[in-house]
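>>> Need coordinates for the following:
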Amino acid sequence: MTFSNDNMLIASLMGSQIVEQLPRFAAVENELSKHVLPPVSFIPLNNKVGELYTAPDFEPVELWMNDKAKPESAQFFPLSFRSTKDENWWLLPWEPLINIEAKVRQSERYIAKAGKGLIGSIKERWSVDDYEITITGAFYGPMMKGKPADTYPRYEMERLRDYLLTPEAIEVKCEAFQIHNINKISITGMNFPFTKGESVQAYEIKAKSDFPWNLIYKRKKGKIDVGMPTQNFIP
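Numbers count the residues shown, from 1 in each chain. Predicted coordinates for the structure are as follows:
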């Protein structure tokens, strides 16, 4: 039984008494390997004499690389934004959480001094209110450690800021929205809470659905029949 550099480091962190218990640990591990398949080593030692563990060869920069953004095909409910100034859709790099809340606007009236048989109110339905939408997610920078320019997701935050400052409805493309026939949303606010980590920034988007309305009255063309013409009265 031999030690590698990593094994010696872990053994030193666990304490000097761990070296005295190595034969007992090896015996227990050998006994467990006879009954459990496949055998899993639970002590940081190499069982084969003369064989040392070699770590994968990584570049120093790759060790601190963050997880890459997921493509649209790898997301369950991908969400894309587009304004009138954009030619292409902007896909959120990491799939967010989408919450849609629907309400009905109605008028309620109560009967004065109602008896036991009259409980509640008289409800008159008016219309369906706007959908309240909450989009929650996070952006991840390219590097986990380093300078703020290399770790903070500045590009994604600037794109999201531009949509907040756009004075128009934002076109959205998401299966969760299309189920409710929502193709455009009006952003009402954004929240960027404190997020632990140099390369992570959480966000929360508040928005309402925006459906097209035709408020221009078009006058009908044609002749209007007003009845028989009036005749002059002859005495």
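
>>> Have a look at the chain and report the helix or strand with the lowest mean pLDDT.
helix 5-14 (a mean of 53; mean pLDDT, DSSP states H and E).

>>> quick one: the helices in this structure?
5-14, 22-33, 148-151, 154-165, 175-178 (DSSP state H).

>>> just checking, what packs against the last one?
In terms of contacts (3 or more CB pairs under 8 Å, 6 or more residues apart in numbering; DSSP states H and E), helix 175-178 is packed against strand 97-101. Backbone N, C-alpha and C define where each C-beta goes, glycine included.

>>> so where's this protein shaky on pLDDT?
Residues of the chain that meet the criterion pLDDT under 70 lie in 1-66, 215, 217, 222-235.

>>> Against Tyr131, how distant is Ala176?
11 Å (CB to CB, to the nearest Å).

>>> Now for these two: what residues contact both?
Ile100 (CB atoms under 8 Å, 6 or more residues apart in numbering).

>>> So for these two, which residue has more residues nearby?
Shown here are Ala176 and Tyr131; by other CB atoms under 10 Å, Tyr131 has more neighbours (19 against 16).

>>> Would you confirm that the more buried one contacts Ile100?
Yes: using CB atoms under 8 Å, Tyr131 is in contact with Ile100, at 5.6 Å.

>>> who touches both of the two?
What both Tyr131 and Ile100 touch, as defined by CB under 8 Å, 6+ apart, is the set 180, 182.

>>> which residues are in contact with stretch 180-197?
100, 102, 131, 133, 138, 144, 157, 160, 163-164, 166, 169-172, 177, 201-212.

>>> Now intersect those with the strands, please.
100, 133, 138, 170-172, 201-209 (DSSP state E).

>>> Max pairwise distance over those residues: which two?
Farthest-apart pair in the ones in strands among the contacts of stretch 180-197 is Gln201 and Ser209; separation 26.3 Å (CB to CB).

>>> what's near enough to touch Glu198?
Counting by CB under 8 Å, 6+ apart, Glu198 has contacts 141, 144-146, 148, 151-152.

>>> Check the gap between it and Phe81 for me.
For Glu198, the distance to Phe81 - CB to CB - is 26 Å.
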